[in-house]
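1. Provided below are the primary sequence and the corresponding predicted coordinates.
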Amino acid sequence: MSTPRRRPARDAELLAGSVRAFAARGYFGTSTAQVAAEMGVSQPYVIRTFGSKLELFVRTHAFAAAEIVDVFRAAMAGGFDGDRLGAAYRELVLSNPAALLVWAHAFSAATAEKAIGAESRRQFDDVYRTLRDAGATDVELWAFMGRGMLINNLLLMEAPRYSRDYDFAPLIDLVFGARPSLSPSPGAPSASTPDQE
């Protein structure tokens, strides 16, 4: 008897849950049990459906990165315009920070896990080709993608949330606009007191 194939819509729903789970703690800090809980399924189901945690993360990264590329493609109707694409990227960051966090977590895990490194380079190349094919020069891409990496790093350290405590608050305003009220990373643990640790 053949195994019924999962519907693509179900895959997208499950991978969206995986994005939320991995966004909170990255590849190394997230268990398949945590991913399963975010998906609303059992851990054995996650393993049967996606394989190992590494395979699941690679698929999750590809899913999140596809959203970024789709946003860029939609914003490039008239060719490359750094301001228009930057505004689209900023809107994605504010509406769905989890996708960007998974993208950035993949870069940080790339040296430890060869498969994640290969997928990170492939996704980065996809973004590069997409923008270059829209007419961007390498100098324009250097500036544009450098700003994007700054956004990713600021999100990873939750800089917008804590900017009032540091001198870099004006940079946050410049990058994100008037300080957004970005919620903590999805599933991030709340601050604990020493006796709770």
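-> Yes, it's here. Residues are numbered from 1 along each chain as shown.

2. in this protein, which helix has the most residues?
-> As assigned by DSSP state H, the longest helix anywhere in the chain is helix 53-75.

3. Quick one: list the elements packing against it.
-> helix 8-25, helix 32-39, helix 43-50, helix 82-95, helix 97-109, helix 114-133 (3 or more C-beta pairs under 8 Å, 6 or more residues apart in numbering; DSSP states H and E). All C-beta spots, glycine's among them, are computed from the backbone N, C-alpha and C.

4. Quick check: which of those helices is buried the most?
-> Highest mean neighbour count among these (mean count of other C-beta atoms under 10 Å): helix 97-109, with a mean of 23.

5. So what angle separates the directions of that helix and helix 114-133?
-> Counting by axes from the mean of the first three to the mean of the last three C-alpha atoms, to 10 degrees, helix 97-109 points 120 degrees away from the direction of helix 114-133.

6. where does the chain have low pLDDT?
-> Within the chain, the ranges that satisfy pLDDT under 70 run 1-9, 178-197.

7. if we can go back for a sec, just how off-centre is the longest helix of the chain within its chain?
-> Taking C-alpha atoms, centre = their mean, to the nearest Å, one finds the center of helix 53-75 at 8 Å from the center of the full chain.

8. now swap in stretch 37-48 and tell me
-> From the chain centre to the centre of stretch 37-48 is a distance of 21 Å (C-alpha atoms, centre = their mean).

9. Residues contacting that stretch, please?
-> 13-14, 17-18, 20-21, 32-33, 35-36, 56, 186-187 (C-beta atoms under 8 Å, 6 or more residues apart in numbering).

10. Show the end-to-end separation of that stretch, please.
-> Using C-alpha to C-alpha, to the nearest Å, one end of stretch 37-48 lies 15 Å from the other.

11. now swap in stretch 73-85 and tell me
-> Taking C-alpha to C-alpha, stretch 73-85 runs 9 Å from one end to the other.

12. quick one: contacts of that stretch?
-> For stretch 73-85, the surrounding residues in contact (C-beta under 8 Å, 6+ apart) are F72, A87, A88, T130, L131, A134, G135, A136, E140, A143, F144.

13. So of those, which two are at opposite extremes in space?
-> Maximum pairwise distance in the contacts of stretch 73-85, criterion C-beta to C-beta, is 17.5 Å, between A87 and G135.

14. wait, Y89 sits on M149?
-> No. At 11.1 Å, Y89 does not count as touching M149 under the criterion of C-beta atoms under 8 Å.

15. Just the CA atoms of stretch 90-98, as CSV, please.
-> Output of stretch 90-98 as CSV, limited to C-alpha atoms (Å, rounded to 0.1, in the frame of the first residue of the first chain):
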residue,chain,number,x,y,z
ARG,A,90,11.8,46.6,5.9
GLU,A,91,8.1,45.7,5.6
LEU,A,92,8.9,42.0,5.7
VAL,A,93,11.1,42.5,8.7
LEU,A,94,8.4,44.3,10.6
SER,A,95,5.6,42.0,9.6
ASN,A,96,7.5,38.6,9.8
PRO,A,97,10.8,38.9,11.6
ALA,A,98,10.9,35.1,12.0
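
16. quick one: that stretch to chain centroid distance?
-> Using C-alpha atoms, centre = their mean, the offset of stretch 90-98 from its chain centre is 9 Å.
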